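K.L.:
For reference, the sequence and a predicted model appear below.
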Amino acid sequence: MREDDAKKAINDDHFLQGRKLEVRLSKKKDNPIKLFVGRLPNGTSKEDLEEYFGEYGEMIDIFVPTPFRGFGFITFAEEKDGLQVLRMSHVMGGTRLNVTAAEPKEGKGSKRQENFGVTNYSWNPSKSRDSNRYQEPPPQKDVASELKDMLMTLISQQK
């Protein structure tokens with residue numbers, strides 16, 4: 001492939017099954033890490049996530065589905081930055097966020113995509129019986145989260 005062809009591919013619009021694709025040069029560093037961010041306040045944008053999480057390190061991808069469904073994905077260029085984010089509690093717009101490591105989809109014919117332009121990670125929302133709106137699953141309690149919450153409560157009481 002010639003350099004001119006590569007530049008043309010990056011600058012042209014591309015569509016797949018009616019969805020616009022974004023073609024860009026990889027900014028992949030040594031060990032990027034993709035995180036799922038759930039319980040986003042209504043109307044949260046990519047820019048909001050970039051502003052909030054950008055202070056923790058360089059992000060190479062941010063995805064918020066359209067129409068808005070209360071979750072998104074962020075990819076940090078360096079694993080250490082993403083791991084730091086996972087160890088913390090996060091509140092945006094008065095709502096405590098659910099931040100976890102993104103898990104690749106598993107299933108029939110599913111293969112993990114290493115291309116950051118393809119989002120092959122999932123979050124399985126349950127549909128409401130009353131409407132077509134998606135609702136978040138009940139929060140999962142794990143020992144680490146409970147210990148973190150207790151520690152944060154103790155720290156805040158000492159202030």
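P.N.:
Thanks, I have the structure now.

K.L.:
Just the residues contacting the longest helix belonging to the chain, thanks.
P.N.:
Using DSSP state H to define each element, the chain has its longest helix at helix 143-158. Helix 143-158 is contacted from outside by 87, 89, using Cβ atoms under 8 Å, 6 or more residues apart in numbering. In this view, the C-beta of every residue, glycine as well, is placed from N, C-alpha and C.

K.L.:
And the residue nearest to residue 79 when sequence neighbours are not counted, how far from residue 14?
P.N.:
Among residues not flanking residue 79 along the chain, residue 31 sits closest, at 3.9 Å (Cβ to Cβ, 6 or more residues apart in numbering). Distance from residue 31 to residue 14, counting by Cβ to Cβ, to the nearest Å: 28 Å.

K.L.:
quick one: terminal-to-terminal distance for stretch 35-48?
P.N.:
16 Å (Cα to Cα, to the nearest Å).

K.L.:
which of the residues in it are buried?
P.N.:
35-40, 44, 48 (16 or more other Cβ atoms under 10 Å).

K.L.:
any chance of those in TSV, plus pLDDT and secondary structure?
P.N.:
TSV is the format used below for the buried residues of stretch 35-48 (pLDDT from 0 to 100; DSSP: H, G, I helix; E, B strand; the rest coil):
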residue	pLDDT	secondary structure
35	96	strand
36	96	strand
37	96	strand
38	95	strand
39	95	coil
40	96	coil
44	95	coil
48	95	helix
